[in-house]
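Enquirer: One predicted model, sequence on top.
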Amino acid sequence: MMRLPKFTYVRAKSVREAVRVMADAGPDASFVAGGTDLYPNMKRRQQTPKTVIGLSGVRELRRIAGKPETGLVIGAGATLTEVCEHSKVRKGHPALAKAVSLISTPILRNMGTIGGNVLLDTRCNYYDQNYEWRKGIHFCMKKDGDVCWVAPSSSRCWAVQSSDAVPVLCAIGARVALASQSGEREIAAVDLFRDDGIDYLTKRPDELLTEIRLPATNGWRATYWKLRRRGSFDFPVLSVAARLWFDGATVKDAKIILGAVGSSPLDAHESARLLIGKPLTEDTIRAAADAAYKPAKPLDNTDFAYAFRKEMAKQYVARALRDLA
């Protein structure tokens, strides 16, 4: 049985208190909301904060406000169930509601938060193991070791970004708010991520993700497709989020984001470019899907053979575009 290491738990009642405690505690502290990612990581000794700052009592982080026509604001502490079942999210952003509904199981969606899924730790077969297993291979670069077992000659970690919500947020142009003792800043969701399995967030350790700000729905359509071994519970081993703007039958603009094939969400620029100015015919869809094959470079660090996952990038882009057609 894996047990949690010793730590001090502080239950914050406001964002202001939470960031103050974090500033006082320093780098050996972590925020926790649902705990569905942090606590298992602590049991496996992947993360060992000495202070854990609980956010479940911060009511301002639970709100979902605004209108789809002008933009929605989702508090980072809203549970996954609250997000995917909320009438405004389902009406204005059905792709996000779908993506969130595919995360894990109903019980974990009742616990986990949208902010936690956005900040989800990168994953890898060699990293997501208990301490004794990892010790048996002399650990890995991401934690306690100096070799990336996925690519032993590499100077960097290739752990994978495996959030379901993130590809959709990046595709639709969402923004996020980050709070700290020095104030609040807002950045594009896509700018929150860095292509590095270890240093995968641009968020500073002292910052708290407080809000996810969704853009107005002004005529575009979006969708989300996810590949996993089982139809429930599993993390994505490939995901595709696509957003298209139409001028009549012609694609006016496009955005296609691939998830779970790298340490950050991957923008399939060429696939999107091939759609713009053209009707969404089967030939156009096939050309855009073929273009997604090259930038998708999955490695042998999650489920399924990586060659199969690379081929599925083509197939799932095509399915997403047919969905929007």
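Expert: Nice, thanks for sending it over. Residues are numbered from 1 along each chain as shown.
Enquirer: Show me the strands in the stretch 1-150 of the chain, by range?
Expert: 8-11, 29-32, 51-54, 64-67, 71-75 (DSSP state E, counting those that start in this stretch).
Enquirer: Throw the ones you listed into JSON lines and include distance to residue 309 and mean pLDDT, thanks.
Expert: (Glycine included, C-beta is placed from N, CA and C.) What follows is these, written out as JSON lines (distance: least, CB to CB, whole Å; pLDDT from 0 to 100):
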{"stretch": "strand 8-11", "distance to residue 309": "39", "mean pLDDT": "98"}
{"stretch": "strand 29-32", "distance to residue 309": "31", "mean pLDDT": "98"}
{"stretch": "strand 51-54", "distance to residue 309": "35", "mean pLDDT": "98"}
{"stretch": "strand 64-67", "distance to residue 309": "34", "mean pLDDT": "96"}
{"stretch": "strand 71-75", "distance to residue 309": "30", "mean pLDDT": "98"}
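Enquirer: could these be laid out in a markdown table, adding mean neighbour count and distance to residue 183?
Expert: A markdown table is the format used below for the strands of the stretch 1-150 of the chain (neighbours: other CB atoms under 10 Å; distance: least, CB to CB, whole Å):
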| stretch | mean neighbour count | distance to residue 183 |
| --- | --- | --- |
| strand 8-11 | 13 | 22 |
| strand 29-32 | 21 | 17 |
| strand 51-54 | 20 | 19 |
| strand 64-67 | 14 | 21 |
| strand 71-75 | 22 | 18 |
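Enquirer: Just put those strands in a markdown table and tack on distance to residue 107.
Expert: Putting the strands of the stretch 1-150 of the chain into a markdown table (distance: least, CB to CB, whole Å) gives the following:
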| stretch | distance to residue 107 |
| --- | --- |
| strand 8-11 | 22 |
| strand 29-32 | 18 |
| strand 51-54 | 20 |
| strand 64-67 | 21 |
| strand 71-75 | 21 |
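Enquirer: Nearest approach to residue 324 belongs to which of those strands?
Expert: strand 71-75 (20.7 Å; CB to CB).
Enquirer: any idea how far that closest one is from the chain center?
Expert: 17 Å (CA atoms, centre = their mean, to the nearest Å).
Enquirer: Paired strands for that strand, with orientation please.
Expert: When sheet partners are counted by DSSP bridges, strand 71-75 sits next to strand 64-67 (antiparallel), strand 208-214 (antiparallel).
Enquirer: who wins for proximity to residue 290 among those strands?
Expert: Per CB to CB, nearest to residue 290 of the strands paired with strand 71-75: strand 208-214, 31.0 Å.
Enquirer: Quick check: what element follows that closest one along the chain?
Expert: strand 221-227 (DSSP states H and E).
Enquirer: quick one on the thing from earlier: can you say which of the strands paired with strand 71-75 is nearest to residue 85?
Expert: The nearest among the strands paired with strand 71-75, by CB to CB, is strand 64-67 at 10.4 Å.
Enquirer: Now tell me what touches the closest one from outside.
Expert: Applying CB atoms under 8 Å, 6 or more residues apart in numbering, the contact partners of strand 64-67 are 72-75, 78, 82-83, 86, 88-89, 92, 214.
Enquirer: Three-state assignment for residue 255, please.
Expert: strand (DSSP: H, G, I helix; E, B strand; the rest coil).
Enquirer: still on that earlier bit, the strands paired with strand 71-75: which one's closest to residue 145?
Expert: Of the strands paired with strand 71-75, nearest to residue 145 by CB to CB is strand 208-214, at 28.7 Å.
Enquirer: so which of the strands of the stretch 1-150 of the chain comes closest to residue 255?
Expert: The nearest among these, by CB to CB, is strand 71-75 at 17.4 Å.
Enquirer: And the contacts of the closest one?
Expert: 60-66, 83, 88-89, 92-93, 114-115, 210-216.
Enquirer: rewinding a little: may I see the strands paired with strand 71-75 arranged in CSV, with distance to residue 110 as well?
Expert: CSV is the format used below for the strands paired with strand 71-75 (distance: least, CB to CB, whole Å):
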stretch, distance to residue 110
strand 64-67, 16
strand 208-214, 19
